[in-house]
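> I'd like to go over a predicted model; first the sequence, then the structure.
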Amino acid sequence: MKNRFIAFIFCLVLTSAHSYAQDLGGKQYQLLEKALSQYQALSTKGEWSTITSPKPVLKLKDTSAVLVVIKERLRLLGDLRRVRDGNVFSPALEDAVKQFQLRHGLEDDGAIGPAFMKALNMPLEKRIEQLSTNMSRIKEDTTKSTGTRIIANIPEFKLYVMEDNREVLSMDIVVGKTSNPTVVFSDTLETIVFSPYWNVPASIVRNEILPAINRNGSYLADNNMEIVGKADGLPKIRQKPGPDNALGDVKFLFPNKYDIYFHDTPSKSLFEKKKRAFSHGCIRLSQPYELAQYLLKDQPQWTGTEILEAMSAGSEKWVKLTTKIPVDIIYYTAWVDAGGTLNFRDDIYGHDREQAGL
């Protein structure tokens, strides 16, 4: 009976419509607190042993005794309403698997594979710790919950544009790799640069460009790059505007000491991946045109056509925003989204472990 009650409460958490991007305190904290209490209740039962699948992948119409156990766990977590159809991989189970995959940032193919089993077998103590850490983070967060603002959540690989409690735009993003992590901070977006030059950071010149030049004397010309000076014993190199420019056709500046900004990218295929930590620290956007269009909506001379022309002009153009927009780059690995779904993501930079003192 207690397990039924716990599963019922999880269903409530999964259907309470409130977005962490709308409010990083208040109801968001309360929803995580409710989820935490239910994970704690589950942990007292002592029934969370590791489930082992007899096959690398199980999918629709397959049969296996382990499916009964998996169904029960998904029921306890609120992804499956009822355990039925015995050891058969039913359409209802496929739907539950997809929901579980989506809220854990996995490929939602509906199949039970290694990544799914790893997330399903995550010890309850780890989830309890993850929820507690993110609740503590909410208490310390200074992100605004009113007005127009841009929020980028690093572990989610997602960016949101909010107007008060209304989400007006969202998109997939690429963030910094673990060796070049994107920094958590807040600033104000002031400028859009169309057809930008890429001023290559000194670290990339030293570690990547110079070795490439040594291997190939025509590397700079082949990559539309030029030397424009010298600093600290290194050549200052920039890449000219064009279709192969590393910043794509537009960048968005919020001046900061970390030299982090939003930008387009020619490497569109990376957005097909679920986990997207590939950059040198800046944030690559999947929908840069849509963001430019939104930010320039109060400047009527910047029509959609004008924006597209500026993006492909091949000559750099700076545009100051009439209204500066707050930007918050955040790091949440557990939250309840706008659809009311409890989400978990990997602690890609180890910030959760650091905050928990592990």
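All right, it came through fine.
> what's the nearest residue to residue 288 if we skip its chain neighbours?
Excluding the flanking residues, the one nearest residue 288 by Cβ to Cβ, 6 or more residues apart in numbering is residue 264, at 4.0 Å. Heads up, the C-betas are built off the backbone N, CA and C, glycines and all.
> check contacts around residue 288.
By Cβ atoms under 8 Å, 6 or more residues apart in numbering, the residues touching residue 288 are 248-250, 252, 262-264, 311.
> so which of those is the most crowded?
Greatest neighbour count in the contacts of residue 288, by other Cβ atoms under 10 Å, goes to residue 249: 26 neighbours.
> Isn't it up against residue 309?
No - judged on Cβ atoms under 8 Å, residue 249 makes no contact with residue 309 at a distance of 10.6 Å.
> list the contacts for residue 174?
157, 265, 267, 270-271, 276-279, 283-284.
> As TSV, the residues you listed with secondary structure and distance to residue 204 would be great.
Formatted as TSV, the contacts of residue 174 follow (DSSP: H, G, I helix; E, B strand; the rest coil; distance: Cβ to Cβ, whole Å):
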residue	secondary structure	distance to residue 204
157	coil	22
265	coil	15
267	coil	15
270	helix	18
271	helix	22
276	coil	19
277	strand	17
278	strand	14
279	strand	11
283	strand	16
284	strand	15
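> Retrieve the pLDDT associated with residue 141.
On pLDDT, residue 141 comes in at 85.
> Can you give me the neighbour number for it?
21.
> Show the residue spans covered by the helices in the stretch 151-300 of the chain.
Counting by DSSP state H, counting those that start in this stretch, one finds helices in the stretch 151-300 of the chain at the ranges 202-204, 210-215, 219-222, 288-295.
> now, which of the contacts of residue 288 sits nearest residue 330?
Set against residue 330, the nearest of those by Cβ to Cβ is residue 262 (14.5 Å).
> What sits closest to that closest one if chain neighbours are left out?
In space, and not counting its chain neighbours, residue 262 is closest to residue 252: 4.1 Å by Cβ to Cβ, 6+ apart.
> who's in contact with the one you found?
189, 191-193, 261-263, 285, 288, 291-292, 295.
> Just the buried ones from those residues, in PyMOL syntax?
Selecting only the buried entries of the contacts of residue 252 in PyMOL, with 16 or more other Cβ atoms under 10 Å as the criterion:
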select buried, resi 189+191+192+193+261+262+263+285+288+291+292+295
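> Could you name the helices and strands sitting against the helix or strand harbouring residue 321?
Using DSSP states H and E, residue 321 sits in strand 317-330. The contact analysis (3 or more Cβ pairs under 8 Å, 6 or more residues apart in numbering; DSSP states H and E) places strand 317-330 against strand 148-153, strand 185-194.
> Just the buried residues of the shortest one, please?
So the one you mean is strand 148-153. Buried, per 16+ other Cβ under 10 Å, within strand 148-153: 148-153.
> Now pLDDT and distance to residue 137 too, for these, in TSV please.
Compiled in TSV, the buried residues of strand 148-153 are given as follows (pLDDT from 0 to 100; distance: Cβ to Cβ, whole Å):
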residue	pLDDT	distance to residue 137
148	96	23
149	96	18
150	97	19
151	96	14
152	97	15
153	97	11
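> And the strands in this structure?
148-153, 158-163, 166-176, 185-194, 198-199, 225-231, 234-239, 250-253, 262-263, 277-279, 283-285, 317-330, 334-336, 342-344 (DSSP state E).
> Is it correct that residue 279 is in contact with residue 179?
No - with contacts defined as Cβ under 8 Å, residue 279 does not count as touching residue 179, sitting 10.8 Å away.
> Just give the closest residue to residue 89, not the sequence neighbours.
Residue 89's closest residue in space is residue 62 (Cβ to Cβ, 6+ apart), at 4.4 Å.
> number of nearby residues for that neighbour?
Neighbour count of residue 62, defined by other Cβ under 10 Å: 15.
> if I pick it, what's in contact with it?
Residue 62 makes contacts with 55, 88-89, as judged by Cβ under 8 Å, 6+ apart.
> Please identify, among these, the one with the most neighbours.
residue 89 (22 neighbours).
> Phi and psi next, for it.
phi -80, psi 100 (degrees, to the nearest 10).
> For it, give its distance to residue 163.
Residue 89 sits 43 Å away from residue 163 when distances are taken as Cβ to Cβ, to the nearest Å.
> Any figure for the gap between the closest residue to residue 70 other than its chain neighbours and residue 119?
In space, and not counting its chain neighbours, residue 70 is closest to residue 51: 6.3 Å by Cβ to Cβ, 6+ apart. Distance, residue 51 to residue 119, by Cβ to Cβ: 11 Å.
> if we can go back for a sec, and the two most separated of the contacts of residue 288?
For the contacts of residue 288, and using Cβ to Cβ, no pair is farther apart than 262 and 311, which are 14.0 Å apart.
> before we move on, the earlier item: now the residue nearest to residue 262: how far from residue 158?
Residue 252 is 16 Å from residue 158, by Cβ to Cβ.
> who's in contact with the residue most central in space within the chain?
In the chain, the residue lying closest to the centroid (Cα atoms, centre = their mean) is residue 157, at 1.5 Å. By Cβ under 8 Å, 6+ apart, the contact set of residue 157 is 105, 172-175, 274-277.
> who wins for neighbours among these?
Neighbour max across these (other Cβ under 10 Å) = residue 175, 29 neighbours.
> so what's that one up against?
By Cβ under 8 Å, 6+ apart, residue 175 lies in contact with 152, 154, 157, 181-182, 276-279, 283, 348.
> of all those residues, which two lie farthest apart?
Within the contacts of residue 175, 152 and 278 form the most distant pair, 15.0 Å apart (Cβ to Cβ).
> Good, we can wrap up now.
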